[in-house]
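In: What follows is a predicted protein model with its sequence.
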Amino acid sequence: MKKQVNRQILLIKRPVGLPDDSCFKLTISEILDPAYGQLLLHTKFLSVDPYMRGRMNDRKSYVPPFQLNKVLNGSIVAEVIESKSNSFAKGDFVVGNLPWQDYSITGEKQVRKINPELAPVSTALGVLGMTGLTAYFGLLDIGQPQKNETVVVSGAAGAVGMIVGQIAKINGCHVVGIAGSDIKIKYLIEKLGFDSAVNYKTNTDLRKSLNEACPNGIDIYFDNVGGIISDTVLSLINKYARIPLCGQISLYNETLIPLGPRIQPVLLTNCALMKGFLVYNYEDRFDEGISHLADWLKTKKLKYAENIVEGLENAPKAFIGLFAGENIGKQIVKIS
């Protein structure tokens with residue numbers, strides 16, 4: 001292979017509040033040769049995800065923070081360009097946690113092979129990847145939906161939320177989405193089959209609208225956003241409600257966390273369960289989740305959307321766009 005320039009995206013400044021372009025730098029590095037048991041990979045698609053915002057802060061979390069002046073990393077689909085491993089061949093597609101750069105060297109145990117016959121390889125970052133698995137395990141393991149129950153999903157037009165709602169419909173539930181534009185509301189109802197959806201940005205009385213959309217109360221709340229929206233939903237939960245706590249995107253750029261309602265009395269009096277989770281809690285069951293998700297895709301019970309941004313140089317812009325709600329579905333960067 002004639003090696004090309006290896007561009008990289010570095011984090012050069014920790015953001016205060018919403019990140020901007022000054023936090024990132026595009027640079028160039030050398031492309032190395034793989035050693036025994038290693039692969040040389042060419043990045044094809046990279047994922048931008050809200051959880052990465054927390055890693056930009058210099059504080060302890062469930063994953064280490066990004067280091068300043070180092071290459072960012074995240075979920076990436078890549079093609080094997082050169083293999084010195086018996087487990088992979090040139091031309092294989094893999095997914096793994098890899099640097100934001102054109103070419104990478106990685107060990108054979110650090111990536112997982114993708115079957116391109118299941119669906120386009122980009123779906124390994126979305127519906128057949130971390131976001132699809134997050135929806136699958138969060139809803140089915142924690143939410144445990146039963147037929148005719150009411151499920152409310154915040155961030156419903158996002159990569160996780162839209163899959164949650166559709167899996168809930170597959171399980172016979174009444175599904176209500178919360179999203180931030182009329183275009184998203186229309187998409188959820190007309191394309192994905194949600195029973196109802198509420199635009200939180202234009203709604204003057206969110207509690208009233210949710211009450212009307214959920215005449216039998218709320219049995220499961222899949223929480224992707226936190227903040228005022230979640231405070232409102234929790235005021236309407238039924239006895240024995242389940243709340244899978246997936247994300248808090250409304251709070252990720254806050255410099256001071258605002259004080260909200262005390263939720264413990266609501267959980268106590270309703271004997272409700274709220275449980276936070278990480279998709280990697282279910283790593284030993286990933287094959288199960290991917291198998292079910294792929295089958296639903298094949299039988300057209302499940303649809304997905306990808307918002308694709310072109311060019312590694314635009315990865316920071318794509319990441320920042322998550323917090324403005326620019327995307328419907330999975331936000332992905334395609335590397336040319």
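Out: Sure, I can see it. Numbers count the residues shown, from 1 in each chain.

In: Secondary structure element holding Ile290?
Out: helix 286-298 (DSSP states H and E).

In: What degree of burial does Ser291 show, as a neighbour count?
Out: For Ser291, the count of nearby residues is 12 (other C-beta atoms under 10 Å). Where you see a C-beta, it was placed from the backbone N, CA and C, and this is true even at glycine.

In: Do you know the pLDDT at it?
Out: On pLDDT, Ser291 comes in at 95.

In: Poorly predicted segments of the stretch 201-336 of the chain, please.
Out: Applying pLDDT under 70 to the stretch 201-336 of the chain picks out residues 255.

In: hey, where'd the helices end up in it?
Out: 206-213, 227-234, 264-269, 286-298, 315-321 (DSSP state H, counting those that start in this stretch).

In: Which of the ones you listed sits closest to Arg53?
Out: Arg53 lies closest, by C-beta to C-beta, to one member of the helices of the stretch 201-336 of the chain: helix 315-321, at 8.2 Å.

In: which parts of stretch 305-320 are buried?
Out: Residues Ala305, Glu306, Asn307, Val309, Leu312, Ala315, Pro316, Lys317, Ala318, Phe319, Ile320 are the ones in stretch 305-320 that count as buried (16 or more other C-beta atoms under 10 Å).

In: should've said stretch 187-202
Out: In stretch 187-202, counting by 16+ other C-beta under 10 Å, buried: Tyr187, Leu188, Leu192, Phe194, Asp195, Ser196, Ala197, Val198, Asn199, Tyr200.

In: Nearest to Ile332 among the buried residues of stretch 305-320?
Out: Nearest member of these to Ile332, counting by C-beta to C-beta, is Glu306, at 5.4 Å.

In: Pull the number of nearby residues for the spatially closest residue to the closest one that is not a sequence neighbour.
Out: Nearest non-adjacent residue to Glu306, counting by C-beta to C-beta, 6 or more residues apart in numbering: Lys330, 5.0 Å away. Lys330: 28 surrounding residues under other C-beta under 10 Å.

In: For Lys330, list the residues it contacts.
Out: Ser47, Leu125, Gly126, Val127, Thr131, Ala159, Tyr304, Ala305, Glu306, Asn307 (C-beta atoms under 8 Å, 6 or more residues apart in numbering).

In: could those go into TSV alongside distance to Ser291?
Out: Formatted as TSV, the contacts of Lys330 follow (distance: C-beta to C-beta, whole Å):
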residue	distance to Ser291
Ser47	21
Leu125	18
Gly126	16
Val127	13
Thr131	17
Ala159	20
Tyr304	16
Ala305	22
Glu306	21
Asn307	26
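
In: Quick one, which of these are buried?
Out: Ser47, Leu125, Gly126, Val127, Thr131, Ala159, Tyr304, Ala305, Glu306, Asn307.

In: these two touch, right, the last one and Gln331?
Out: Meaning Asn307. Yes: at 5.2 Å, Asn307 counts as touching Gln331 under the criterion of C-beta atoms under 8 Å.

In: hey, where'd the strands end up in the stretch 151-300 of the chain?
Out: For the stretch 151-300 of the chain, the strands defined by DSSP state E, counting those that start in this stretch occupy 174-179, 196-199, 218-222, 237-245, 273-276.

In: Glu326 is nearest to which of the ones you listed?
Out: Closest among these, using C-beta to C-beta: strand 174-179, at 12.6 Å.

In: what residue ranges in the stretch 51-200 of the chain score low on pLDDT?
Out: Filtered on pLDDT under 70, the stretch 51-200 of the chain yields no residues whatsoever.

In: Please, where are all the helices along it?
Out: Using DSSP H, counting those that start in this stretch, helices in the stretch 51-200 of the chain cover 52-55, 130-137, 159-170, 182-186.

In: Those helices: which one's closest to Leu267?
Out: Using C-beta to C-beta, the helices of the stretch 51-200 of the chain put helix 159-170 closest to Leu267, at 20.6 Å.

In: related to what we said a few turns ago, need the strands of the stretch 151-300 of the chain in a markdown table (columns: distance to Arg7).
Out: Shown next, in a markdown table, are those (distance: least, C-beta to C-beta, whole Å):
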| stretch | distance to Arg7 |
| --- | --- |
| strand 174-179 | 34 |
| strand 196-199 | 39 |
| strand 218-222 | 37 |
| strand 237-245 | 37 |
| strand 273-276 | 36 |
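
In: mind checking which of the ones you listed is nearest Leu26?
Out: Between these, strand 174-179 lies closest to Leu26; by C-beta to C-beta that is 32.5 Å.

In: domains of this protein?
Out: 6-126+305-334, 130-280 (automatic domain parsing).

In: Pick the most deeply packed of those.
Out: domain 130-280 (a mean of 19; mean count of other C-beta atoms under 10 Å).

In: picking that back up, now intersect the contacts of Lys330 with the strands, please.
Out: Per DSSP state E, strands hold the following members of the contacts of Lys330: Ser47, Glu306, Asn307.

In: so the second one makes contact with Gly329?
Out: This means Glu306. Yes: using C-beta under 8 Å, Glu306 is in contact with Gly329, at 5.5 Å.

In: Need the overlap of contacts for the two.
Out: Gly126.

In: Grab the nearest non-local neighbour of Ser87.
Out: Nearest one to Ser87, counting by C-beta to C-beta, 6+ apart, is Glu108 at 5.1 Å.
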